[in-house]
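K.L.:
Sequence unavailable; structure follows:
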Ligand code: UD1
């Protein structure tokens, strides 16, 4: 496991480009499995989860090729009824996104239950229920799920919760189903619109992504296409928060400002100057932020993936703030680590109460998961003295060129490979 060493206290200044979106790219790679020929994705982020998804597709018989400049080609012609290795599947939650495409393409899938960040119970019942309504017969054995179907049938599905992953899997399966599928109470995240745009370019007939009702008319086959992955709103938001946390002045470019409306509103509320342009957002912060109440919600609410990074900002705010997590059951594992850095935070159920302190101090901490790890990086950037963040691999799953981007903004940050954990007496 590698560590990140950060010397805190430097204001971040300058411009940073938002990379392609992890949470869209992984799904578009999985969808490429449904094409009749090679699909090409551009603006692909350089992150470990993308590498894992490519390995997963290869284990199913596809060929993938990585080209310079963020380009990946997926040739799905060799895909067959193979089972991906369990260690790959358990490495990330997004492995579950092969369910819909594989059932649509070959009427069969067998895989271990997916893993991913330890952020609470993450069942896949909504995925399975929806696919079963389309005719899939599922069996479960020894931690594996096996699905079979002769011909997917279009149907009406009402999701109990607007799950992003379930909406995406059902949309994918519906593209090659017989007849019309309507998904109600669908997730409205921008990544779902990206999926619709990609599938439509492949020849699918879909309407409604971005609203709570998606209608898909099944087609016989999907063709090949070339497609640019949308910008990553969570990485963009993290750099906006890095500006605020370090009382800096950062412009995030090549992004879609509308995708971070909820964050922009909250940053303005706590006293940041936020200047929104057509495809960039500048955040300037001179002083300690004021208190705020954050409640994570499905899009267009405040994103759960920015809950922890925003808490890092509020840790040195004035007054008392609250952060309530409404999407996942356990997403406060980073709190103990922030407390080691001097933060005053208590957690009661779904809510963290943050009593702002003037300064955090550098400490050795452990990244508990992807977004919690990002929160610790932000805290370390503003803390007095040096911090070491262990198990930084969690963060590398979702942040493209983090060290290079932060260094270009003036941070003192470096990777240390295989740093042994210090043993205290
Ligand atoms: C995706 C994102 C993740 C983000 C989340 C919410 C990817 C790879 N990950 O995760 O970064 O935090 O959306 O914006 O895109 N649920 C069920 N049953 C199901 C499915 C979900 O109970 O079958 C629950 C989950 O446990 C969770 C909530 O619904 O409490 C939201 O999950 P979901 O929207 O599905 O998130 P993911 O697609 O896993």
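P.N.:
Ah, there it is. Keep in mind it's a predicted model, so treat the numbers as computed, not measured.
K.L.:
Every contact and neighbour count from this point should use C-alpha atoms.
P.N.:
Fine.
K.L.:
And the chain, what are its domain boundaries?
P.N.:
The record, using automatic domain parsing to delimit domains, assigns the chain the ranges 3-19+231-416, 22-228.
K.L.:
Rebuild those domains as TSV, extending it with mean neighbour count and mean pLDDT.
P.N.:
Compiled in TSV, the domains of the chain are given as follows (neighbours: other Cα atoms under 10 Å; pLDDT from 0 to 100):
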stretch	mean neighbour count	mean pLDDT
domain 3-19+231-416	21	97
domain 22-228	20	95
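K.L.:
would you list those in TSV and tack on distance to the ligand?
P.N.:
Rendered in TSV, the data for these read as follows (distance: least, Cα to the nearest ligand atom, whole Å):
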stretch	distance to the ligand
domain 3-19+231-416	4
domain 22-228	3
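K.L.:
Let's verify residue 241: helix, strand, or coil?
P.N.:
Local secondary structure at residue 241 is given as helix here, using DSSP: H, G, I helix; E, B strand; the rest coil.
K.L.:
no no, residue 352
P.N.:
Looking at residue 352 with three-state DSSP, the answer is strand.
K.L.:
So for it, what's the nearest residue that isn't a sequence neighbour?
P.N.:
Leaving aside its chain neighbours, residue 352 sits nearest to residue 323 (5.1 Å; criterion: Cα to Cα, 6 or more residues apart in numbering).
K.L.:
hang on, that neighbour in a strand?
P.N.:
Yes. Secondary structure of residue 323 (three-state DSSP): part of a strand.
K.L.:
Quick check, it in contact with residue 294.
P.N.:
Yes. Residue 323 sits in contact with residue 294 when judged by Cα atoms under 8 Å, with a separation of 4.6 Å.
K.L.:
Common neighbours of the two, please.
P.N.:
Residues touching both residue 323 and residue 294 (Cα atoms under 8 Å, 6 or more residues apart in numbering): residue 307.
K.L.:
sorry, back to before: gap between the residue nearest to residue 352 and residue 298?
P.N.:
Using Cα to Cα, to the nearest Å, one obtains 15 Å as the distance from residue 323 to residue 298.
K.L.:
do residue 225 as well
P.N.:
When residue 225 is compared with residue 298 (using Cα to Cα), they lie 30 Å apart.
K.L.:
Ok, residue 81 next?
P.N.:
Counting by Cα to Cα, the gap between residue 81 and residue 298 amounts to 35 Å.
K.L.:
cool, residue 142 as well?
P.N.:
Applying Cα to Cα to residue 142 and residue 298 gives a distance of 33 Å.
K.L.:
which residues touch the closest residue to residue 86 other than its chain neighbours?
P.N.:
Sequence neighbours aside, residue 112 is the residue nearest to residue 86 in space, at 5.6 Å (criterion: Cα to Cα, 6+ apart). Shown in contact with residue 112 (Cα under 8 Å, 6+ apart): 86, 89-90, 143-145.
K.L.:
need the contact list for the residue nearest to residue 352.
P.N.:
For residue 323, the contact set (Cα under 8 Å, 6+ apart) comprises 293-295, 307, 311, 351-354.
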